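A.B. asks: Provided below are the primary sequence and the corresponding predicted coordinates.
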Amino acid sequence: IAVWDWRKGQKLATAPGHTEKIFEIRFNPVDDVIVTCGVRHIKFWTLVGDNQLRSKKGVYGQEGVAQTMLCVAFTDAGLALTGAQSGDVFLWKGAHLEWQFEEAHTGPVFALSTYPDGFVSGGKDGRVRLWSGLDPVKVFDFSTTAVASTVSTRIRSACWRDGHVLVGTMSNEIFEVDERTMTQRLVVQSHAQSEVWGLDTHPLQSMFVTGGEDKTIRVYKVASRKPSMVREIEDPVKAVAYSPDGMFVAAGLTTGKVKVMEHKRLEEICSRQVRDQAITDLKYSPDGRFLATCCLDGALDIYDALVEYELIGTVNTSPGAGLSHLDWSQDSLYIQTDNTDRDHQYWDATAVTEKTDGEETLSRTEWHTWTCLYGWSVQGLAPRMSEPVGLTAVARSHKRDVLAVANDFGLVRLFRFPCPYVGSKHKRYAGHSSLVSNCKFTYDDKYLISVGAMDRCIFQWEHVAD
């Protein structure tokens, strides 16, 4: 462990913490004693002399057994509370065990927070308990709030203030609980497991849809910033798309399956599977007649959306390469794609063949959307004398004058569109903690929606035109 003067950026002291993992470290606000806890240990540290760290092991008593401790909180009197993997909560006075709250939870205790009359605890069992003195006085059960059968609600954080408790779950939800009325309010909710790549905005309303590898598709309203509909399906989702009239949602799954649902209740209309690898992107043609999908195996498939999504043609990119992005031309006659070899290709959607002369005849055509990473209109995104590495997604505004660019460093940038020249001025915005997997403007360009692959965060940025 190390102690730093954060204002000066100087390390004051360091010492070996323990041979096992340390899960929590906190200063006692009363006497500045440092408490660390982890696998089968708890230690109490003081900074003495010439910035030396000295520790005392927690004393459980004659019959006590060392426990794996997961979290720490402190009372106003400076007593330490620790939550254990066993489900017990321990109260410490100095380095000595003062009291043990046995079976406070069924399973590990991940969260502790104190308030003037007691403390709040939360655990793997999905329950939050309010304690007064030595007894639990109220219990809030979140175990039934899970929106997907693959994810159980586990409490990972809890904070009490002025009669309200904020509760954070492992499935990316934050609830606010009123302890007086025993009511709970959902503050935010996102996808729960694995990664999130699927995103599209409604063509006529302030709504958007997301798809994640937690096997759920979620519809959000921009005004409330909360999901209005969540549908669990059988396989992880990689891509989603609205039809031009907003009446249908198509989803591409990691198993190669394509599902089409009506947009109000996300009830399935049909399902097609001609691939066994992930569908990386899919879009309806602007006239609503066709649905095009691109696959990690390199196949571009076109379905007739007016005839029960019958497959009408398939064409393949370069051998060994997969397709990653696609866009339709405004007249619904052509498609442009990117592949994993960084090739930008053009296709005749009617004949389902490659347009080998597309660079000359189609590079300046009017495209309904622009989400491809390559092509004349975005070639200025690459640093000088290099490829545009690090880019994960781009999205042109509906007014066709702004380009949003996402990268794997967690940044979202705004360029003028088109952006054919290297070194174009841009604005950059940070928020995501890692790779930004997708971004889209709302139908009126008032907001930009971005999703993070691994942080599973959904950001709603207000877009203010210069």
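C.D. replies: Happy to help now that I have it. Numbers count the residues shown, from 1 in each chain.

A.B. asks: E360 in helix, strand or coil?
C.D. replies: Three-state assignment for E360 (DSSP: H, G, I helix; E, B strand; the rest coil): helix.

A.B. asks: Give the ranges of residues in the stretch 351-466 of the chain that sit below the confidence cut-off.
C.D. replies: When residues are selected by pLDDT under 70, those of the stretch 351-466 of the chain lie in 383-389.

A.B. asks: K257 bridge partners, please.
C.D. replies: Per DSSP bridges, the residues bridged to K257 are Q273.

A.B. asks: burial of it, as a residue count?
C.D. replies: 20 (other Cβ atoms under 10 Å). In short, each C-beta sits where N, CA and C put it, glycine included.

A.B. asks: residue contacts, it?
C.D. replies: D235, S271, R272, Q273, R275, I279 (Cβ atoms under 8 Å, 6 or more residues apart in numbering).

A.B. asks: which of the residues you listed are buried?
C.D. replies: Using 16 or more other Cβ atoms under 10 Å as the burial test, the contacts of K257 include D235, R272, R275, I279 as buried.

A.B. asks: Could you provide those residues in a markdown table, with additional columns for secondary structure, distance to K221 and pLDDT?
C.D. replies: Listed next are the buried ones among the contacts of K257 as a markdown table, based on DSSP: H, G, I helix; E, B strand; the rest coil; distance: Cβ to Cβ, whole Å; pLDDT from 0 to 100:
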| residue | secondary structure | distance to K221 | pLDDT |
| --- | --- | --- | --- |
| D235 | coil | 26 | 96 |
| R272 | strand | 29 | 97 |
| R275 | coil | 32 | 97 |
| I279 | strand | 26 | 98 |
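
A.B. asks: of all those, which comes closest to K124?
C.D. replies: Closest approach to K124 among the buried ones among the contacts of K257 (Cβ to Cβ): D235, at 26.8 Å.

A.B. asks: Distance-wise, check that closest one relative to G256.
C.D. replies: Using Cβ to Cβ, to the nearest Å, D235 is found at 9 Å from G256.

A.B. asks: Same check on L70?
C.D. replies: Using Cβ to Cβ, one obtains 40 Å as the distance from L70 to G256.

A.B. asks: And M182, by the same measure?
C.D. replies: Shown here: M182 relative to G256, a distance of 47 Å by Cβ to Cβ.

A.B. asks: So which of those two has more stuff around it?
C.D. replies: Legend: neighbour count by other Cβ under 10 Å for M182 and G256, higher for G256 (21 against 10).

A.B. asks: who's in contact with the residue nearest to the more buried one when sequence neighbours are not counted?
C.D. replies: For G256, ignoring the flanking residues on the chain, the nearest one in space by Cβ to Cβ, 6 or more residues apart in numbering is R275 at 3.3 Å. Neighbouring residues of R275 by Cβ under 8 Å, 6+ apart: G256, K257, T293, C295, D297, A299, D301.
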